[in-house]
Structure formats: structure tokens, C-alpha cells
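Enquirer: sequence isn't available, so here's the structure alone:
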């Protein structure tokens, strides 16, 4: 098991604490490992949400003709310099 030098202490209601212990037990891991798992999973979801939002915005900009298509890196750099 990894050694972590940073600690965060959080107070939980009895109901939430019981749920966390139950979930950790169902995965067969310790409570701290489960909490790290949940945090990382949530952060990944947030990053995916930002990525999906950016993809949708890019699709909209493409449909509106706001995207400048280039055929080479040099051409792309020329476009950027002109802005």
C-alpha cells in the first residue's frame, strides 16, 4: 500500500459513514482507498464533462463556418499569426 504524507480529515454523519464503510467493504478495500477512488472517479467525470462541452462547441462553430481549415502546420501558423 502506498504511503501518503498529506492527510485530510472529514466529519461524516452516521448514515454517510455507514454507507462509505459498506461501499468500501463491497469493493474489498479500505475506507481511505475507497474515498481516493471516489474522488478520482469524480475528477475524471469533470474532465470528461469539459471535454464533451468543448467538442459540442467545436461542432457548433464548424457548422456555423467559424472554423478555419488548414492543410499544413505552416498554413495553421500563418492563420494564427494573422489573427
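Expert: Good, I have the coordinates. As the structure is a prediction and not an experimental result, all values here were calculated from the model. Numbering: from 1, shown residues only.
Enquirer: residue 35 versus residue 64, what's the distance?
Expert: With distances taken as C-beta to C-beta, to the nearest Å, residue 64 is found 44 Å from residue 35. C-beta coordinates here come from the backbone N, C-alpha and C atoms, glycine included.
Enquirer: quick one: which of those two has more around it?
Expert: Shown here are residue 64 and residue 35; by other C-beta atoms under 10 Å, residue 35 has more neighbours (16 against 8).
Enquirer: host element of residue 60?
Expert: Per DSSP states H and E, residue 60 falls inside helix 31-63.
Enquirer: for that helix, which positions count as buried?
Expert: 34, 35 (16 or more other C-beta atoms under 10 Å).
Enquirer: going forward, count from 719.
Expert: Sounds good: first residue 719 from here, last item helix 749-781.
Enquirer: got a list of what residue 749 touches?
Expert: By C-beta atoms under 8 Å, 6 or more residues apart in numbering, the contact list for residue 749 reads 738, 739, 742.
Enquirer: residues contacting stretch 766-780, please?
Expert: By C-beta under 8 Å, 6+ apart, the list of residues contacting stretch 766-780 reads residue 785.
Enquirer: what about that stretch, distance to the chain center?
Expert: Chain-centre distance of stretch 766-780: 15 Å, with C-alpha atoms, centre = their mean, to the nearest Å.
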